[in-house]
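Engineer: need a structure here:
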Amino acid sequence: QAMVEEWAKTEDAQLADGQWYTPADREIECNQTFTGFVKLNSDLICTELNTTSGIVLEGPSAFLDCADFFIRGPRDDGRGNSPEEVSIGITLKDGATAINCNVIGFYKGVLMEDGNIVLKDSTVALAYDDNIRTEGDGCMVLDKVTSQGASGTGNFFGGTADGLDIRHSGTINIYKSTFNGNAGDGVDSEDLATLPGLCLHANNVVANFNEGNGYALDHPVGQTDLKMVTGSFNGDFGVSISPFLDDDPDHTANVEDVVAIGNGEKGIRFRNLKEANIYGTMTSNFNGNDGFEIVCDLSDECTVNDLGVVTLEGNLFDGLFFSGSNSTTFNVKPCATVQACGNEIVSGTDVEFDATDPTTVNGDIICDTTGNQIPNFECQRGCTPAGSGTICQSPVH
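Structural biologist: Residues are numbered from 1 along each chain as shown. This is a model prediction of the structure:
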């Protein structure tokens, strides 16, 4: 049994069972629910197989400070057995907050459910299912969170789960966080038609060495904002924003400074986005398929704005691949530069434009792979005129 330094922030705080407490050192057991302030002063060990949870925090006044101590679940001993499916390390409900926590060895690490919930300065590791999952609706915040699986073998020695599995409607803000080495995806937003919408904002986020995708952002309706994100050395895609067709997607993406290197599939994929706005630089090198793929199969028009500086090198297939079965508009910045060099190692071209319906390109995409304003042969061979602009001109501006 662990001890808590305080059960209540104020004298009128109470537990979910209705009992009233004033600040004092008291024992805490697993499977308890709190609605006030709780601070650990030692590890909380919840290793019995009948454990349903470490701690449940419920309500906007519920606040857990683990003080960097551990909450340990039924299977953190490396034996590789599945813990009870009901076990959850920390459950945050209806606006609760948890900070400074280390959660390890539960079936699910942290469940964030309904309301304005915050998880900050915490590490969640070795869950058998998802390390972190969101459900319900509300505004969720992950700030300086590490979600770490067992590298190369999944979240818990064979689990098929995500570092962060987003299944709620509303908003999620992710800051300065890492989702590495998970058996599924680093960050996954489910393609659930039942969700009325999700706005995902990620700033300075890393998702590397996952067996699935770094980012699989498939929510059909809403918005995705990515700034300074890295998705590298994953088994599938590095960064994939791809709402599915059968959900009538209405999804806008704003991306800035994205890096995708050494992924097993495509480095960066935009699929069926009503609008994609690209700022800063996009770097996608040495991936097992295309470096950067933009595909539109919607019944309505897709628009790609502000394509600027894109670096694509050493990808096994196309460096930059455009494909649209319906009307698509590409608005590119003046003298946008696609540095596409040394791709098509297996097949393809450095830049390929494959649109079956009328497509408009406003501006020029310049292939400059030499840095000295001399057109590169491989780039020129793979580029063809399209619409009102030209794909792959020599840099003359």
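Engineer: Please count neighbours and contacts with C-alpha atoms only from this point.
Structural biologist: Fine.
Engineer: mind listing what D121 touches?
Structural biologist: If you count contacts by Cα atoms under 8 Å, 6 or more residues apart in numbering, D121 has them with 99-101, 143-145.
Engineer: and these, which of them are in strands?
Structural biologist: 99, 143-145 (DSSP state E).
Engineer: avg pLDDT for stretch 60-72?
Structural biologist: Average pLDDT, stretch 60-72: 91.
Engineer: what about that stretch, start to end distance?
Structural biologist: 25 Å (Cα to Cα, to the nearest Å).
Engineer: rewinding a little: filter the contacts of D121 to the buried ones?
Structural biologist: Buried members of the contacts of D121, counted by 16 or more other Cα atoms under 10 Å: 99-101, 143-145.
Engineer: Show me the shaky parts of the stretch 51-200 of the chain.
Structural biologist: Counting by pLDDT under 70, the stretch 51-200 of the chain shows low-confidence ranges at 51, 75-86, 150-160, 191-196.
Engineer: where do the helices sit along it?
Structural biologist: Read by DSSP state H, counting those that start in this stretch, the stretch 51-200 of the chain holds no helices at all.
Engineer: the strands in it, which residues?
Structural biologist: 53-58, 63-65, 70-72, 88-93, 97-99, 102-104, 108-113, 117-125, 132-148, 164-180, 187-189, 198-206 (DSSP state E, counting those that start in this stretch).
Engineer: so which of these comes closest to D43?
Structural biologist: D43 lies closest, by Cα to Cα, to one member of these: strand 70-72, at 4.8 Å.
Engineer: The closest one pairs with which strands?
Structural biologist: Here strand 70-72 is paired, per DSSP bridges, with strand 44-45 (parallel), strand 102-104 (parallel).
Engineer: Between all of the buried ones among the contacts of D121, which two are separated the most?
Structural biologist: C101 and D143 (12.3 Å).
Engineer: just to revisit the earlier point, would you turn the buried ones among the contacts of D121 into TSV with distance to V295?
Structural biologist: Listed next are these as TSV, based on distance: Cα to Cα, whole Å:
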residue	distance to V295
I99	40
N100	42
C101	41
D143	32
K144	33
V145	32
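Engineer: Can you mark which positions in the helix or strand hosting T33 are buried?
Structural biologist: Element membership for T33, per DSSP states H and E: strand 32-34. Buried positions in strand 32-34, judged by neighbour count with 16+ other Cα under 10 Å: 33-34.
Engineer: and the spatially closest residue to P74 that is not a sequence neighbour, which of the three is it?
Structural biologist: Closest residue to P74 apart from its sequence neighbours, by Cα to Cα, 6 or more residues apart in numbering: T47 at 3.6 Å. Under DSSP: H, G, I helix; E, B strand; the rest coil, the three-state class of T47 is coil.
Engineer: Distance check, T47 against L111.
Structural biologist: Distance from T47 to L111, by Cα to Cα: 18 Å.
Engineer: ok so, going back, does the residue nearest to P74 touch I88 like I think?
Structural biologist: No: the pair T47 and I88 fails to qualify as a contact (Cα atoms under 8 Å) at a distance of 11.6 Å.
Engineer: hey, what's in contact with both of the two?
Structural biologist: Joint contacts of T47 and I88 (Cα under 8 Å, 6+ apart) do not exist.
Engineer: okay, these two: which has more neighbours?
Structural biologist: I88 (30 against 20; other Cα atoms under 10 Å).
Engineer: Return the residues in contact with the more buried one.
Structural biologist: 52-54, 106-111.
Engineer: Find the nearest non-adjacent residue to T35, please.
Structural biologist: A62 (4.4 Å).
Engineer: how about the one you found, what does it touch?
Structural biologist: A62 is in contact with 34-38, 95-97, counting by Cα under 8 Å, 6+ apart.
Engineer: Tell me which residues touch S122, please.
Structural biologist: S122 neighbours (Cα under 8 Å, 6+ apart): 68, 99-102, 144-146.
Engineer: One more pass at 6 Å, please.
Structural biologist: Contacts for S122 were tallied using Cα atoms under 6 Å, 6 or more residues apart in numbering; they are 100-102, 145.
Engineer: Of the strands paired with strand 70-72, which is nearest Y279?
Structural biologist: strand 102-104 (35.6 Å).
Engineer: what does the closest one rub up against?
Structural biologist: Residues from elsewhere that reach strand 102-104, judged by Cα under 6 Å, 6+ apart: 70-73, 122-126.
Engineer: Surely L64 and A98 touch.
Structural biologist: Yes: applying Cα atoms under 6 Å, one finds L64 in contact with A98, separated by 4.6 Å.
Engineer: quick revisit: with respect to D162, which of the ones in strands among the contacts of D121 is nearest?
Structural biologist: Of these, the one sitting nearest to D162 (Cα to Cα) turns out to be V145, at 14.2 Å.
Engineer: Specify the beta-bridge partners of V141.
Structural biologist: Counting by DSSP bridges, the residues bridging with V141 are V118, N173.
Engineer: wait, it sits on K176?
Structural biologist: No: contact criterion Cα under 6 Å: V141 and K176 do not qualify, at 11.3 Å.
Engineer: Between these two, which is the more surrounded one?
Structural biologist: Using other Cα under 10 Å as the criterion, V141 and K176 rank with V141 on top: 20 against 17.
Engineer: That one: what's it in contact with?
Structural biologist: 118, 172-173.
Engineer: Check the spacing between it and N263 real quick.
Structural biologist: When V141 is compared with N263 (using Cα to Cα), they lie 28 Å apart.
Engineer: where does the stretch 251-397 of the chain have low pLDDT?
Structural biologist: For the stretch 251-397 of the chain, the ranges with pLDDT under 70 are 299-301, 307-308, 324-397.
Engineer: Good, wrapping up.
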